[in-house]
Structures are given as structure tokens and as C-alpha cells.
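Novice: Take a look and give me a structure for this.
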Amino acid sequence: MLRRLAHSAVRLPALAQQRTTLQWVAGIRTTSARLAGGFIHVESPENSVHDTFTFDAESEKEIAFTLAKYPDTKQGKQSAIMPLLWIVQQQLDKAHATIKYKQADENATPFPKSQGGGGWVPLAAMHAIADRLGCSHMDVYEVATFFTMYNRNKLGKFHIQLCATTPCMVCGAYDIMHTIESHLGIHVGETSKCGTWTLTEVECLGACVNAPMIQINDMFFEDLTPENTVKLLDDLAAGREVVVGPQNGRKHSLGPMGRTSLTEPPSGPYCRDLSSLKSS
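Specialist: Numbering: from 1, shown residues only. Next comes the predicted model:
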């Protein structure tokens, strides 16, 4: 019995080392990422541990601005992991500058640059962030795999995020989902073979009153029907101009009767009249 136990004690470290080696070869294990990516990093030509990543000039400006907000300490710099992941995702949104659009509200502020909705964060970029901040690769993995807003798989040119939370669901979100799947030949969680489309089901996108709606890259498209959804997709694919916001002519979130309150500027007073207070 003692000889058998001694033999096992010798074998256990070797087995543990072999298992660790196999895990590294197979992929990098991470925490649950839900829709953002898989549990294990699988080597692929698009996302390899041997790739390199370079921040472009615009990203370097954003990084300098971001790091100035934090103490110049190891712990302080680690606080910048989240914004730097998002800066990468903005940099790799290749479609933003190519989308022709106009706002339903002519007074709305245009999108000056990508907000990151169509980008992704490859493993090489995570390593570059770790090197820039002086932390371990695992420190960056932990953040990137926890928050689903970071896309860890390469997306199609147009990332369709379809809201299926209760208000959108009762207004026909699944009709829109089935329309998109049928028209593009993909299912939720898939990217088209041509690399043009990725379809993701997400939680509330905050435009409940104009449900159902989708977000494509950074832009919201609301008041959808199967018919205007197909037209929207065809226009994007053809490079034609699309209207951001309601697709049925609605202005903002007005009801069918239009504005029924606050039809005139409020008469005031708008706040306490501090000038009437006497100093003690």
C-alpha cells in the first residue's frame, strides 16, 4: 500500500503539468462570456496568440487622454483596462465610416466616429493593453470575458443587435428576428459566410417606447416591421442612405396623437429664487 501511494505521489505532479500544457495548446480558458464569445480561446487565422496589434494614431490620443484620469501607479493604470478595451473595439469597427445615414431629427448630433458597437477585441489587442498598462494578460482576460459589451469574436461588417426584452417582444421582436434570419440566411449568434452580417440577440437597448428595434453597429432603428426591416438591410448592403431612428415617420417617441402636453414653454419659476434669501 505504501509503495502504491508513493508511486501515485510521483505521478500527480507530472499529470498536473501535462494537463496544464494540454490546456495551453488547446486554448486559453476564460470565465463565462455568454454571447460575447466562447469559454476557450480557439486558435484561428483571425485571432491567434501569435498575432500582434498596433494602436492607431486616433487610439493613441484616446489612450493618452484616458490614462491622464488615473493615478500613475500599477493599480491606477489597471483601472484603464475597461476604457482601453473599448478603444480597441472602436478602432476595429471598420464599417462605421462607410455607412451612409441621416438622422430622423435634423437637429440631432451626427456620429463623429465609431462608438464601438461594430468592433471587436482580438487576443493580440488584449496582450497589447496588458503591456501598455504593466499588468498581466490574465488581468485583461478577466475584464474582457466578464462584460458582454466586449466582442471577442470577429464580427460581420454590420453587427445587428436585436432587442428581445419584454416591450420589444410583445411588439413583435421575434417576427423581426425571423425576418432577418430568413432574409440573410443566418441564425442568432451567427455571421454570414460573406462576412457582411452578424446577428445577436441582446437585452434592453433603451428605446422601449419605439419597439421593436435593433441596433446596427452604433445606430438605432426603431418602429420596425418585417417589410421596413428588409428594406433597411437591403439599403445597407447596397450602400444606400438609411434613416436612423423611427422607420415609420414618427418624430422621436411621439404617440399617434402627437404632443399632448408641454405644448408651450414652461412659465417658471424654474428653481428656487436664491436671490430672495437674506444672508444671516
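Novice: Give me the three-state assignment for residue 198.
Specialist: Per DSSP: H, G, I helix; E, B strand; the rest coil, the local secondary structure of residue 198 is strand.
Novice: can you tell me which residues contact it?
Specialist: Contacts of residue 198 were listed using CB atoms under 8 Å, 6 or more residues apart in numbering, and they are 155-156, 158-160, 190-192. C-betas here are computed from N, CA, C, even on glycine.
Novice: Most neighbours out of these, which is it?
Specialist: For these, neighbours were counted using other CB atoms under 10 Å, and residue 160 has the most, 28 neighbours in all.
Novice: ok, back up a step: farthest pair in the contacts of residue 198?
Specialist: For these, the farthest-apart pair by CB to CB is 158 and 190; their separation is 13.2 Å.
Novice: ok so, going back, closest to residue 95 out of the contacts of residue 198?
Specialist: Of all the contacts of residue 198, residue 95 sits closest to residue 158, with 6.0 Å by CB to CB.
Novice: Can you list phi and psi of the closest one for me?
Specialist: phi -110, psi 120 (degrees, to the nearest 10).
Novice: Spell out which residues sit in contact with it, please.
Specialist: By CB under 8 Å, 6+ apart, residue 158 lies in contact with 95, 118, 196-198, 216-217, 236.
Novice: any chance of the residues you listed in a markdown table, plus distance to residue 272?
Specialist: Output for the contacts of residue 158, formatted as a markdown table (distance: CB to CB, whole Å):
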| residue | distance to residue 272 |
| --- | --- |
| 95 | 49 |
| 118 | 46 |
| 196 | 56 |
| 197 | 54 |
| 198 | 51 |
| 216 | 45 |
| 217 | 44 |
| 236 | 50 |
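Novice: out of these, who has the most neighbours?
Specialist: Scoring the contacts of residue 158 on neighbours with other CB under 10 Å, the highest-scoring entry is residue 118 at 28 neighbours.
Novice: Touching, that one and residue 90? I think so.
Specialist: No. In this structure, residue 118 is not within contact of residue 90 by CB atoms under 8 Å, at 9.3 Å.
Novice: buried ones in stretch 181-189?
Specialist: 184, 186, 188 (16 or more other CB atoms under 10 Å).
Novice: mind listing what the closest residue to the first one other than its chain neighbours touches?
Specialist: If I follow you right, that is residue 184. Of all residues not flanking residue 184 in the chain, residue 197 sits nearest, at 5.1 Å (CB to CB, 6 or more residues apart in numbering). Applying CB under 8 Å, 6+ apart, we find residue 197 in contact with 156-158, 160, 184, 186, 191, 233.
Novice: at 10 Å instead, please
Specialist: Shown in contact with residue 197 (CB atoms under 10 Å, 6 or more residues apart in numbering): 155-160, 180, 183-186, 190-191, 216, 233, 236-237.
Novice: Inside helices: which ones of those?
Specialist: 180, 183-184, 233, 236-237 (DSSP state H).
Novice: partner residues bridging the residue nearest to residue 184?
Specialist: For residue 197, the beta-bridge partners under DSSP bridges are residue 158.
Novice: Now do the shared contacts for residue 158 and residue 190.
Specialist: In contact with both residue 158 and residue 190: 184, 197-199, using CB under 10 Å, 6+ apart.
Novice: The host helix or strand of residue 89 packs against which elements?
Specialist: With secondary structure defined by DSSP states H and E, residue 89 is part of helix 81-91. The contact analysis (3 or more CB pairs under 10 Å, 6 or more residues apart in numbering; DSSP states H and E) places helix 81-91 against helix 57-67, helix 123-133, helix 137-146.
Novice: Give the buried residues for that helix.
Specialist: Under the neighbour-count criterion of 16+ other CB under 10 Å, helix 81-91 has 81-91 buried.
Novice: Please apply the same query to stretch 240-249.
Specialist: For stretch 240-249, a neighbour-count test (16+ other CB under 10 Å) marks 242-247 as buried.
Novice: Would you mind measuring the gap between the ends of it?
Specialist: 18 Å (CA to CA, to the nearest Å).
Novice: Contact partners for residue 51?
Specialist: 45, 122-125, 127-128.
Novice: where does this structure have low pLDDT?
Specialist: Residue ranges of the chain with pLDDT under 70: 1-40, 269, 273-280.
Novice: Strands of that one, start to end?
Specialist: Under the criterion DSSP state E, strands of the chain are mapped to 101-103, 158-163, 197-202, 214-216, 219-222, 242-246.
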